[in-house]
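# heads up, no residue letters with this:
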């Protein structure tokens, strides 16, 4: 659950961002930049700015759309945060928001909101009736430094590192993801995935 779970419909009109770097007027120029239609679908799924809630607060300094475009750029290109192009907000600001939203569960909430919409657009029921589970063992070197407590050896794949477990619906849309040590058996990872489904 996000730290600011107020839905956009229940919030007062949030003030505009106080951007002085010009990111709000930035012209989309990368393949990962969202179209107006994509932003219109994503924006209502995001937590509202604190300045638009009874808690109060300052407006965000940079345009949310540009911040998320920057996150998509990093995800798609796999580059370092410091290599973020200069027409995006500062990498430290983008990284801080990404980290905060990840820890608060914002991305999981966004997926849960958008998945039923994507299924309905494909002519399916909003909630899936079946799902598929798979896992992937990843060497430590591929995922950076992994603490010893979170690492293990998968004797079947001969991999020392971690294991990614994923649960998707019949359209391939993500339902749940979990990461464990590589020595965790698939059946145990499957139980954890099922128990964490919301």
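Thanks, I have the structure now. Bear in mind the structure is a predicted one, so any value in this text is a computation, not a measurement. Numbering: from 1, shown residues only.

# show me the shaky parts of the chain.
Counting by pLDDT under 70, the chain has low-confidence residues at 1-20, 141-148, 198.

# show me how it divides into domains.
Domain assignment for the chain by automatic domain parsing gives 8-111, 128-196.

# for those domains, which one sits closest to residue 118?
Comparing the domains of the chain against residue 118 with CB to CB, the closest turns out to be domain 128-196 (6.0 Å). C-betas here are computed from N, CA, C, even on glycine.

# gap between that closest one and the chain center?
Here the centre of mass of C-alpha atoms in domain 128-196, compared against the chain's by CA atoms, centre = their mean, to the nearest Å, lies 17 Å away.

# returning to what we had before: put together TSV for the domains of the chain, with distance to residue 121 and mean neighbour count on each row.
Output for the domains of the chain, formatted as TSV (distance: least, CB to CB, whole Å; neighbours: other CB atoms under 10 Å):
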stretch	distance to residue 121	mean neighbour count
domain 8-111	10	15
domain 128-196	10	15
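
# what's whichever strand in the chain runs longest in contact with?
If you go by DSSP state E, the chain has its longest strand at strand 159-169. Residues from elsewhere that reach strand 159-169 (CB atoms under 8 Å, 6 or more residues apart in numbering): 115, 119, 128, 130-143, 146, 150-154, 174-182, 184, 186, 189-190, 192-194, 197.

# list the contacts of the helix or strand following it.
Using DSSP states H and E, the helix or strand that follows strand 159-169 towards the C-terminus is strand 174-181. With CB under 8 Å, 6+ apart as the test, strand 174-181 has contacts from 111, 115, 128, 131, 150-152, 162-169, 188-189, 192-193, 196-197.

# before we move on, the earlier item: helices - which of the contacts of strand 159-169 land there?
Among those, DSSP state H puts 115, 119, 186, 189-190, 192-194 in helices.

# can you tell me the SS state at residue 73?
helix (DSSP: H, G, I helix; E, B strand; the rest coil).

# go ahead and report the secondary structure state at the nearest residue to it once chain neighbours are set aside.
The shortest distance from residue 73 to any non-neighbouring residue, by CB to CB, 6 or more residues apart in numbering, is to residue 32 (4.8 Å). Classification of residue 32 by three-state DSSP places it in coil.

# hang on, residue 32 packs against residue 71?
No: assessed by CB atoms under 8 Å, residue 32 is found out of contact with residue 71, at 9.1 Å.

# contacts only, for residue 45.
109-110, 113-114.

# go through the ones in helices among the contacts of strand 159-169 and say which is closest to residue 84.
Closest approach to residue 84 among those (CB to CB): residue 115, at 28.3 Å.

# roughly how far apart are the closest one and residue 131?
11 Å (CB to CB, to the nearest Å).

# then residue 191?
From residue 191 to residue 131 the distance is 14 Å (CB to CB).
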